[in-house]
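**Q** Sequence below, structure please.
(one chain, ligands or ions: 2)
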Amino acid sequence: MIYSITLNPSIDYVVTSDQLFLGRVNRLTETTKLPGGKGINVSRILQALAVPTVALGFLGGFTGDFIKNALKADDLPCDFTPIAADTRINVKLRAESETELNAPGPRITDDEQHTFITALTERLQPGDVVVMAGSLPPDLPASFYRDLIPAIHTAHAEFVIDTTGQALLDTLADHPLVVKPNHHELAALFNDAPYPSIEATVQAGRKLLTLGAQHVLVSMAGKGALLIEADRAYHGNTKPQQVINSVGAGDSMLAGFTGRLTAGATPLEAFKTALACGSATAYSQDLATREKIDDVLATVTVKEV
Ligand SMILES: Nc1ncnc2c1ncn2[C@@H]1O[C@H](COP(=O)(O)OP(=O)(O)OP(=O)(O)O)[C@@H](O)[C@H]1O
Ligand SMILES: O=P(O)(O)OC[C@@]1(O)O[C@H](CO)[C@@H](O)[C@@H]1O
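**A** Ligands and ions are numbered 1, 2, ... in the order given. Model prediction:
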(Lines give C-alpha, C1' and ligand atoms only; values in the text may rest on other atoms or scores of the structure.)
(Ligands and ions follow the chains in the order given, each with its own letter.)
Protein backbone atom coordinates (compact mmCIF):
# COMPACT_ATOMS: atom_id res chain seq x y z
CA MET A 1 0.00 0.00 0.00
CA ILE A 2 1.19 3.52 -0.74
CA TYR A 3 0.06 6.07 1.86
CA SER A 4 0.27 9.73 0.97
CA ILE A 5 0.55 12.25 3.76
CA THR A 6 -0.76 15.77 3.16
CA LEU A 7 -0.30 17.71 6.38
CA ASN A 8 -1.49 20.92 4.73
CA PRO A 9 -4.12 20.14 2.07
CA SER A 10 -5.89 22.91 0.20
CA ILE A 11 -8.81 23.70 -1.96
CA ASP A 12 -7.04 24.83 -5.12
CA TYR A 13 -9.17 27.73 -6.35
CA VAL A 14 -8.11 27.92 -9.98
CA VAL A 15 -9.04 31.23 -11.56
CA THR A 16 -8.51 32.40 -15.10
CA SER A 17 -8.16 35.97 -16.27
CA ASP A 18 -7.02 37.31 -19.64
CA GLN A 19 -4.64 39.67 -17.89
CA LEU A 20 -3.82 40.57 -14.31
CA PHE A 21 -3.49 44.15 -13.07
CA LEU A 22 -2.28 44.60 -9.50
CA GLY A 23 -4.12 47.32 -7.57
CA ARG A 24 -7.25 47.10 -9.80
CA VAL A 25 -10.45 45.06 -10.05
CA ASN A 26 -9.80 42.04 -12.27
CA ARG A 27 -12.79 40.19 -13.80
CA LEU A 28 -12.23 36.44 -13.97
CA THR A 29 -13.33 34.48 -17.01
CA GLU A 30 -13.43 31.05 -15.30
CA THR A 31 -13.18 29.58 -11.80
CA THR A 32 -12.82 25.97 -10.58
CA LYS A 33 -12.30 24.40 -7.14
CA LEU A 34 -10.12 21.29 -6.92
CA PRO A 35 -8.99 19.15 -3.99
CA GLY A 36 -5.31 20.02 -3.63
CA GLY A 37 -2.16 19.42 -1.67
CA LYS A 38 0.86 17.46 -2.84
CA GLY A 39 0.11 14.14 -1.14
CA ILE A 40 -3.52 14.20 -2.30
CA ASN A 41 -2.30 14.82 -5.86
CA VAL A 42 0.07 11.84 -5.54
CA SER A 43 -2.79 9.60 -4.40
CA ARG A 44 -5.08 10.81 -7.19
CA ILE A 45 -2.47 9.89 -9.83
CA LEU A 46 -1.75 6.54 -8.15
CA GLN A 47 -5.47 5.84 -8.31
CA ALA A 48 -5.45 6.68 -12.04
CA LEU A 49 -2.62 4.15 -12.44
CA ALA A 50 -4.63 1.56 -10.43
CA VAL A 51 -1.96 1.46 -7.70
CA PRO A 52 -3.51 0.90 -4.23
CA THR A 53 -3.30 4.09 -2.14
CA VAL A 54 -4.81 5.76 0.90
CA ALA A 55 -4.59 9.55 1.43
CA LEU A 56 -3.83 10.66 4.99
CA GLY A 57 -3.32 14.04 6.66
CA PHE A 58 -5.41 16.72 8.36
CA LEU A 59 -8.75 18.15 7.19
CA GLY A 60 -11.12 20.55 8.93
CA GLY A 61 -14.02 22.94 8.50
CA PHE A 62 -16.14 23.59 5.41
CA THR A 63 -13.04 23.54 3.22
CA GLY A 64 -12.03 20.17 4.63
CA ASP A 65 -15.56 18.89 3.92
CA PHE A 66 -15.28 20.02 0.32
CA ILE A 67 -12.05 18.05 -0.14
CA LYS A 68 -13.41 14.98 1.64
CA ASN A 69 -16.53 15.00 -0.54
CA ALA A 70 -14.56 15.54 -3.75
CA LEU A 71 -12.28 12.59 -2.97
CA LYS A 72 -15.24 10.45 -1.93
CA ALA A 73 -17.00 11.22 -5.21
CA ASP A 74 -13.91 9.84 -6.97
CA ASP A 75 -13.78 6.77 -4.66
CA LEU A 76 -10.29 7.70 -3.49
CA PRO A 77 -9.59 5.88 -0.20
CA CYS A 78 -8.84 8.45 2.54
CA ASP A 79 -8.44 8.53 6.29
CA PHE A 80 -7.84 12.15 7.31
CA THR A 81 -7.48 13.20 10.93
CA PRO A 82 -10.22 15.77 11.66
CA ILE A 83 -9.10 19.18 12.93
CA ALA A 84 -11.11 22.05 14.41
CA ALA A 85 -9.70 24.76 12.14
CA ASP A 86 -10.50 25.29 8.46
CA THR A 87 -8.26 23.68 5.84
CA ARG A 88 -6.66 26.39 3.67
CA ILE A 89 -7.58 27.69 0.21
CA ASN A 90 -4.76 28.26 -2.32
CA VAL A 91 -5.37 30.49 -5.31
CA LYS A 92 -3.94 29.37 -8.65
CA LEU A 93 -4.13 32.23 -11.08
CA ARG A 94 -3.92 31.53 -14.79
CA ALA A 95 -3.31 34.72 -16.74
CA GLU A 96 -0.42 35.38 -19.15
CA SER A 97 1.63 33.24 -16.76
CA GLU A 98 0.75 31.02 -13.78
CA THR A 99 0.82 32.63 -10.31
CA GLU A 100 0.19 30.65 -7.09
CA LEU A 101 -0.94 32.17 -3.78
CA ASN A 102 -0.50 29.49 -1.11
CA ALA A 103 -1.90 30.11 2.38
CA PRO A 104 0.07 29.13 5.52
CA GLY A 105 -2.57 26.66 6.67
CA PRO A 106 -4.62 26.05 9.81
CA ARG A 107 -3.73 25.57 13.45
CA ILE A 108 -3.16 21.90 14.37
CA THR A 109 -3.44 21.18 18.10
CA ASP A 110 -1.13 18.79 19.99
CA ASP A 111 -4.02 16.32 20.38
CA GLU A 112 -4.71 16.39 16.64
CA GLN A 113 -1.02 15.75 15.94
CA HIS A 114 -0.99 12.75 18.30
CA THR A 115 -4.19 11.34 16.78
CA PHE A 116 -2.61 11.53 13.33
CA ILE A 117 0.66 9.87 14.40
CA THR A 118 -1.20 7.03 16.15
CA ALA A 119 -3.49 6.46 13.15
CA LEU A 120 -0.50 6.31 10.80
CA THR A 121 1.61 3.97 12.91
CA GLU A 122 -1.32 1.60 13.52
CA ARG A 123 -1.83 1.22 9.77
CA LEU A 124 1.73 0.53 8.63
CA GLN A 125 2.68 -2.95 7.41
CA PRO A 126 5.97 -4.31 6.07
CA GLY A 127 6.46 -3.26 2.44
CA ASP A 128 4.23 -0.18 2.64
CA VAL A 129 5.48 3.12 1.24
CA VAL A 130 4.70 6.49 2.85
CA VAL A 131 4.88 9.54 0.59
CA MET A 132 5.36 12.72 2.61
CA ALA A 133 4.78 15.75 0.43
CA GLY A 134 4.16 19.44 0.79
CA SER A 135 4.42 22.22 3.33
CA LEU A 136 3.76 21.98 7.05
CA PRO A 137 1.04 24.08 8.69
CA PRO A 138 2.60 26.72 10.97
CA ASP A 139 2.12 24.89 14.30
CA LEU A 140 3.89 21.69 13.31
CA PRO A 141 7.58 21.44 14.20
CA ALA A 142 9.92 21.66 11.21
CA SER A 143 11.12 18.14 12.10
CA PHE A 144 7.60 16.62 11.78
CA TYR A 145 8.41 14.56 8.67
CA ARG A 146 11.79 13.43 9.97
CA ASP A 147 10.21 12.46 13.30
CA LEU A 148 7.85 10.02 11.49
CA ILE A 149 10.74 8.08 9.93
CA PRO A 150 11.62 5.85 12.94
CA ALA A 151 8.01 4.57 13.12
CA ILE A 152 7.99 3.95 9.35
CA HIS A 153 11.24 1.97 9.56
CA THR A 154 10.11 0.05 12.65
CA ALA A 155 7.14 -1.15 10.58
CA HIS A 156 9.60 -2.22 7.81
CA ALA A 157 8.02 0.33 5.49
CA GLU A 158 9.80 2.85 3.25
CA PHE A 159 9.33 6.57 2.72
CA VAL A 160 9.42 9.01 -0.17
CA ILE A 161 9.84 12.68 0.61
CA ASP A 162 9.01 15.76 -1.43
CA THR A 163 10.23 18.75 0.48
CA THR A 164 13.00 21.29 0.07
CA GLY A 165 16.13 22.71 1.71
CA GLN A 166 17.50 21.49 5.02
CA ALA A 167 14.30 19.48 5.73
CA LEU A 168 15.11 17.33 2.68
CA LEU A 169 18.85 17.08 3.43
CA ASP A 170 18.02 15.99 6.99
CA THR A 171 16.18 12.88 5.76
CA LEU A 172 18.73 11.59 3.24
CA ALA A 173 20.74 9.54 5.72
CA ASP A 174 17.50 7.58 6.40
CA HIS A 175 17.51 6.42 2.76
CA PRO A 176 14.32 7.77 1.17
CA LEU A 177 13.13 5.47 -1.62
CA VAL A 178 12.73 8.42 -4.00
CA VAL A 179 13.52 12.14 -3.97
CA LYS A 180 12.53 14.48 -6.82
CA PRO A 181 13.72 18.06 -6.44
CA ASN A 182 13.24 20.32 -9.44
CA HIS A 183 16.44 21.85 -10.84
CA HIS A 184 15.97 25.13 -8.95
CA GLU A 185 15.43 23.29 -5.65
CA LEU A 186 18.49 21.13 -6.33
CA ALA A 187 20.73 24.19 -6.84
CA ALA A 188 19.28 25.83 -3.72
CA LEU A 189 20.00 22.66 -1.67
CA PHE A 190 23.72 23.07 -2.31
CA ASN A 191 23.75 26.89 -2.37
CA ASP A 192 24.73 26.72 -6.06
CA ALA A 193 23.88 29.11 -8.88
CA PRO A 194 21.56 27.62 -11.55
CA TYR A 195 23.34 24.72 -13.25
CA PRO A 196 24.57 25.66 -16.73
CA SER A 197 24.25 22.17 -18.24
CA ILE A 198 22.65 18.73 -17.90
CA GLU A 199 26.08 17.36 -16.88
CA ALA A 200 26.36 19.82 -14.00
CA THR A 201 22.80 18.99 -12.89
CA VAL A 202 23.57 15.26 -12.99
CA GLN A 203 26.69 15.79 -10.88
CA ALA A 204 24.71 17.68 -8.25
CA GLY A 205 21.84 15.17 -8.30
CA ARG A 206 24.31 12.35 -7.76
CA LYS A 207 25.29 13.92 -4.43
CA LEU A 208 21.79 13.06 -3.20
CA LEU A 209 22.54 9.39 -3.92
CA THR A 210 25.84 9.65 -2.07
CA LEU A 211 24.04 11.23 0.88
CA GLY A 212 21.64 8.27 1.05
CA ALA A 213 18.68 8.59 -1.35
CA GLN A 214 17.86 5.30 -3.15
CA HIS A 215 16.49 6.88 -6.35
CA VAL A 216 16.93 10.44 -7.60
CA LEU A 217 14.85 12.25 -10.20
CA VAL A 218 15.41 15.91 -11.06
CA SER A 219 12.50 17.59 -12.81
CA MET A 220 13.01 20.52 -15.16
CA ALA A 221 9.45 21.54 -16.10
CA GLY A 222 9.14 21.88 -19.91
CA LYS A 223 12.72 20.61 -20.31
CA GLY A 224 11.77 17.15 -19.03
CA ALA A 225 13.54 15.32 -16.22
CA LEU A 226 16.62 13.33 -15.25
CA LEU A 227 16.89 9.88 -13.69
CA ILE A 228 20.25 9.81 -11.94
CA GLU A 229 21.87 6.52 -10.94
CA ALA A 230 25.31 5.85 -9.44
CA ASP A 231 26.94 4.91 -12.74
CA ARG A 232 24.61 6.38 -15.39
CA ALA A 233 21.93 8.98 -15.94
CA TYR A 234 19.02 9.48 -18.36
CA HIS A 235 17.28 12.56 -19.70
CA GLY A 236 13.69 12.15 -20.81
CA ASN A 237 10.88 14.28 -22.19
CA THR A 238 7.54 14.00 -23.97
CA LYS A 239 6.21 15.37 -27.24
CA PRO A 240 5.23 19.03 -26.64
CA GLN A 241 1.52 19.88 -26.44
CA GLN A 242 -0.28 22.98 -25.24
CA VAL A 243 0.46 23.53 -21.54
CA ILE A 244 -2.81 24.10 -19.72
CA ASN A 245 -1.94 23.80 -16.04
CA SER A 246 1.40 22.77 -14.61
CA VAL A 247 0.16 22.75 -10.97
CA GLY A 248 0.65 19.21 -9.69
CA ALA A 249 2.98 18.14 -12.54
CA GLY A 250 5.75 17.40 -10.03
CA ASP A 251 3.39 15.41 -7.79
CA SER A 252 2.19 13.47 -10.83
CA MET A 253 5.77 12.64 -11.78
CA LEU A 254 6.56 11.43 -8.26
CA ALA A 255 3.41 9.30 -8.20
CA GLY A 256 4.19 7.74 -11.58
CA PHE A 257 7.72 6.79 -10.55
CA THR A 258 6.87 5.55 -7.07
CA GLY A 259 3.78 3.67 -8.22
CA ARG A 260 5.54 1.78 -11.00
CA LEU A 261 8.74 1.13 -9.02
CA THR A 262 6.76 -0.27 -6.11
CA ALA A 263 4.84 -2.51 -8.50
CA GLY A 264 8.16 -4.06 -9.62
CA ALA A 265 9.12 -2.00 -12.70
CA THR A 266 12.77 -1.15 -13.35
CA PRO A 267 13.79 2.42 -12.49
CA LEU A 268 14.03 3.21 -16.23
CA GLU A 269 10.49 1.92 -16.94
CA ALA A 270 9.20 3.78 -13.88
CA PHE A 271 10.95 6.94 -15.15
CA LYS A 272 9.06 6.72 -18.47
CA THR A 273 5.73 6.52 -16.65
CA ALA A 274 6.84 9.41 -14.42
CA LEU A 275 7.57 11.58 -17.47
CA ALA A 276 4.19 10.69 -18.96
CA CYS A 277 2.33 11.50 -15.72
CA GLY A 278 4.10 14.86 -15.22
CA SER A 279 3.54 16.09 -18.77
CA ALA A 280 0.02 14.64 -19.00
CA THR A 281 -0.93 16.80 -16.01
CA ALA A 282 0.73 19.88 -17.55
CA TYR A 283 -1.36 19.22 -20.70
CA SER A 284 -4.66 18.89 -18.73
CA GLN A 285 -7.08 21.20 -16.88
CA ASP A 286 -6.93 19.13 -13.69
CA LEU A 287 -4.53 16.28 -12.84
CA ALA A 288 -4.04 13.82 -15.69
CA THR A 289 -6.49 11.01 -16.37
CA ARG A 290 -5.33 7.47 -17.15
CA GLU A 291 -6.28 7.97 -20.79
CA LYS A 292 -4.14 11.12 -21.05
CA ILE A 293 -1.21 9.43 -19.31
CA ASP A 294 -1.31 6.51 -21.78
CA ASP A 295 -1.52 8.97 -24.68
CA VAL A 296 1.53 10.89 -23.53
CA LEU A 297 3.44 7.71 -22.58
CA ALA A 298 3.46 6.76 -26.25
CA THR A 299 5.47 9.96 -26.97
CA VAL A 300 8.12 9.62 -24.23
CA THR A 301 11.75 9.73 -25.36
CA VAL A 302 14.68 8.90 -23.09
CA LYS A 303 18.41 9.01 -23.77
CA GLU A 304 21.45 8.25 -21.67
CA VAL A 305 23.44 11.39 -20.84
N1 LIG B 1 5.49 22.82 -19.55
C2 LIG B 1 5.65 21.50 -19.50
N3 LIG B 1 5.65 20.77 -20.64
C4 LIG B 1 5.84 19.43 -20.61
N5 LIG B 1 6.04 18.72 -19.48
C6 LIG B 1 6.04 19.40 -18.32
C7 LIG B 1 5.83 20.81 -18.26
N8 LIG B 1 5.87 21.20 -16.97
C9 LIG B 1 6.09 20.06 -16.24
N10 LIG B 1 6.21 18.99 -17.05
C11 LIG B 1 6.53 17.61 -16.68
O12 LIG B 1 6.28 17.43 -15.29
C13 LIG B 1 7.53 17.22 -14.60
C14 LIG B 1 7.48 17.92 -13.25
O15 LIG B 1 7.33 19.30 -13.45
P16 LIG B 1 8.18 20.39 -12.66
O17 LIG B 1 9.61 20.25 -12.98
O18 LIG B 1 7.52 21.71 -12.95
O19 LIG B 1 7.96 19.92 -11.15
P20 LIG B 1 7.70 20.76 -9.84
O21 LIG B 1 8.54 21.99 -9.87
O22 LIG B 1 7.81 19.82 -8.71
O23 LIG B 1 6.17 21.15 -10.14
P24 LIG B 1 4.94 21.53 -9.18
O25 LIG B 1 5.49 21.94 -7.85
O26 LIG B 1 4.27 22.65 -9.96
O27 LIG B 1 4.08 20.31 -9.14
C28 LIG B 1 8.62 17.74 -15.52
O29 LIG B 1 9.85 17.09 -15.28
C30 LIG B 1 8.04 17.37 -16.90
O31 LIG B 1 8.26 16.00 -17.17
O1 LIG C 1 2.10 24.94 -0.04
P2 LIG C 1 2.63 23.58 -0.44
O3 LIG C 1 2.14 22.50 0.47
O4 LIG C 1 4.09 23.56 -0.67
O5 LIG C 1 2.02 23.27 -1.90
C6 LIG C 1 0.62 23.13 -2.04
C7 LIG C 1 0.27 23.07 -3.51
O8 LIG C 1 0.70 24.24 -4.23
O9 LIG C 1 0.94 21.95 -4.08
C10 LIG C 1 0.12 21.31 -5.04
C11 LIG C 1 0.83 21.28 -6.36
O12 LIG C 1 2.06 20.64 -6.24
C13 LIG C 1 -1.20 22.08 -5.05
O14 LIG C 1 -2.27 21.20 -5.21
C15 LIG C 1 -1.21 22.82 -3.74
O16 LIG C 1 -1.97 23.99 -3.74
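**Q** How far away from the center of its chain is the longest helix seen in the chain?
**A** Identified as the longest helix of the chain according to DSSP state H is helix 267-282. Taking C-alpha atoms, centre = their mean, to the nearest Å, the mean C-alpha location of helix 267-282 is offset from the chain mean by 13 Å.
**Q** Which other helices and strands does it contact?
**A** strand 216-219, strand 225-228, strand 233-237, helix 249-262, helix 290-297, strand 301-304 (3 or more C-beta pairs under 8 Å, 6 or more residues apart in numbering; DSSP states H and E). Just so you know, the C-beta spots here come from the backbone N, C-alpha and C atoms, and that holds for glycine as well.
**Q** hmm, 10 Å instead?
**A** helix 38-48, strand 216-219, strand 225-228, strand 233-237, helix 249-262, helix 290-297, strand 301-304 (3 or more C-beta pairs under 10 Å, 6 or more residues apart in numbering; DSSP states H and E).
**Q** The fifth one near ligand 2 at all?
**A** Yes. Legend: contact between helix 249-262 and ligand 2 by C-beta under 6 Å from any ligand atom is shown at Gly250, Asp251.
**Q** relative to helix 290-297, how tilted is that helix?
**A** 90 degrees (axes from the mean of the first three to the mean of the last three C-alpha atoms, to 10 degrees).
**Q** ok, helix 249-262 near ligand 1 or not?
**A** Yes. Using C-beta under 6 Å from any ligand atom, helix 249-262 comes into contact with ligand 1 via Ala249, Gly250, Asp251, Met253.
**Q** tell me which parts of the stretch 51-200 of the chain are close to ligand 2?
**A** Close to ligand 2, as judged by C-beta under 6 Å from any ligand atom, the stretch 51-200 of the chain has residues Asn90, Glu100, Asn102, Gly134, Ser135.
**Q** In the residues you listed, find the pair that's most separated.
**A** The largest separation in those, counting by C-beta to C-beta, is between Glu100 and Gly134 at 12.7 Å.
**Q** The two: who's more crowded?
**A** Gly134 (26 against 10; other C-beta atoms under 10 Å).
**Q** So the more buried one sits against Ser4, correct?
**A** Yes. Taking contacts as C-beta atoms under 10 Å, Gly134 lies within contact range of Ser4: 9.4 Å.
**Q** Could you report the pLDDT at the residue lying closest to Ala84 once chain neighbours are set aside?
**A** In this structure, Ala84 finds its nearest non-sequential neighbour in Gly60, 6.0 Å apart by C-beta to C-beta, 6 or more residues apart in numbering. Per-residue pLDDT puts Gly60 at 98.
**Q** Also Ala167?
**A** On the pLDDT scale, Ala167 gets 87.
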